[in-house]
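Participant: Here is my input, please return the structure:
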Amino acid sequence: MGKAYTLRGRIGEQEASKLQVGDVVYITGEIFTMRDQAHLKALETLRGGGRLPFDLEGGVIYHCGPLVKGGKVISAGPTTSMRMERSEGEIIARTGTRCIIGKGGMGAVTLGALARHCAVYAEYPGGAGALAARSVVRIKEVHWTELGDPEAVWVLQVEGFGPCFVTMDSHGRTLREPLKKGVL
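Facilitator: Alright, predicted model coming up:
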């Protein structure tokens, strides 16, 4: 296992470049939940010359559709990240996000974008949605509710969100390929 880091606030290029496959990260600050439909709406907006109603520069995208009841996050487990593979590289390039968190890994397009734009992909343990919700201090904003609650972009203030395991880094390394080949 690698080193453990707490990422606070916006993540800079230098900070992202220090993270390596095997490191464990905890997030304190804002995370933006984004699933399939939010990715597509963001790209449609950006391709059309528009601006997003939230700033992802140096931010953290979490592949999650939180369960919210009475203004409180009850569960915030990750969703399968590979569903966002077709759009993640362009999202990274256009927004300057530095960290993607999800479940199950991503593919070559995302890995290339992480290396080109100095960002990382980390995995949060599946099945731990209630644990993730404990890290949510408050809901700061919600955008695109017309997509439905799971697909909306929830801007969450979190404290010690994790553990998240870096499985793709900004140096083009991935944990999954060596595992598939039985190297690790």
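Participant: Could I get the full set of helices for this structure?
Facilitator: Along the chain, the segments classed as helices by DSSP state H run 13-18, 36-47, 85-95, 108-117, 129-134, 176-180.
Participant: With distance to Gln157 as extra columns, can I get these in JSON lines?
Facilitator: C-betas here are computed from N, CA, C, even on glycine. Shown next, in JSON lines, are those (distance: least, CB to CB, whole Å):
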{"stretch": "helix 13-18", "distance to Gln157": "19"}
{"stretch": "helix 36-47", "distance to Gln157": "18"}
{"stretch": "helix 85-95", "distance to Gln157": "19"}
{"stretch": "helix 108-117", "distance to Gln157": "25"}
{"stretch": "helix 129-134", "distance to Gln157": "13"}
{"stretch": "helix 176-180", "distance to Gln157": "31"}
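Participant: Ile101: which of the ones you listed is closest?
Facilitator: Across the helices of the chain, Ile101 has its closest neighbour in helix 129-134 (9.8 Å, CB to CB).
Participant: so what's the residue nearest to Gly172 when sequence neighbours are not counted up against?
Facilitator: In space, and not counting its chain neighbours, Gly172 is closest to Ala115: 4.2 Å by CB to CB, 6 or more residues apart in numbering. Shown in contact with Ala115 (CB atoms under 8 Å, 6 or more residues apart in numbering): Ser170, His171, Gly172.
Participant: Tyr5 now?
Facilitator: Counted by CB under 8 Å, 6+ apart, Tyr5 has contacts Lys18, Leu19, Asp23, Val24, Val25, Tyr26.
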